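> only geometry, no sequence info:
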């Protein structure tokens, strides 16, 4: 029993796996986030918008040219450490000249 306790004491818990994700805006500014692979992107989006003082509905986030859903996670998108997410202003509507 003493041997078993000694083994348990010597075993350190494994650190939680995290990856670094970089969110880059259109002007080249970067914000770094350290997240777990199963973390939903809604947390990253909320933190980014809060830090930049912007409305969440006015921006979209892209990874490899595809829009990221707020309910998706880095694991679902097969992201790895240091991957870049683009934050772009979402443009609604546009100019349509009348003939």
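Arrived safely, thanks for sending. Since the structure is predicted, the reported quantities are computational estimates derived from the model, not experimental observations.

> secondary structure element for residue 22?
strand 19-24 (DSSP states H and E).

> buried sites along that strand?
The neighbour-count check on strand 19-24 (16 or more other C-beta atoms under 10 Å) flags 19, 21, 23 as buried. (Glycine included, C-beta is placed from N, CA and C.)

> for the lengthiest helix in the chain, packing partners?
Secondary structure assigned by DSSP state H gives helix 41-52 as the longest helix of the chain. With contacts taken as 3 or more C-beta pairs under 8 Å, 6 or more residues apart in numbering; DSSP states H and E, helix 41-52 sits against strand 19-24, strand 30-35, strand 59-63.

> what's the mean pLDDT across the second one?
When pLDDT is averaged over strand 30-35, the result is 95.

> in the protein, where is pLDDT below threshold?
The chain contains residues with pLDDT under 70 at 1-16, 93-96, 98-99.

> mind putting the helices and strands packed on helix 41-52 into JSON lines with distance to residue 71?
Compiled in JSON lines, the helices and strands packed on helix 41-52 are given as follows (distance: least, C-beta to C-beta, whole Å):
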{"stretch": "strand 19-24", "distance to residue 71": "16"}
{"stretch": "strand 30-35", "distance to residue 71": "14"}
{"stretch": "strand 59-63", "distance to residue 71": "13"}
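
> closest one to residue 42 among the ones you listed?
strand 59-63 (10.5 Å; C-beta to C-beta).

> angle of that closest one against helix 41-52?
130 degrees (axes from the mean of the first three to the mean of the last three C-alpha atoms, to 10 degrees).

> sheet-wise, list the partners of strand 59-63 with their directions.
strand 66-67 (antiparallel), strand 83-89 (antiparallel) (DSSP bridges).

> tell me the angle of that strand relative to strand 19-24?
With the same axes, to 10 degrees applied, the angle from strand 59-63 to strand 19-24 works out at 130 degrees.

> how far off centre is strand 59-63?
Its chain's average C-alpha position is 10 Å from that of strand 59-63, according to C-alpha atoms, centre = their mean, to the nearest Å.
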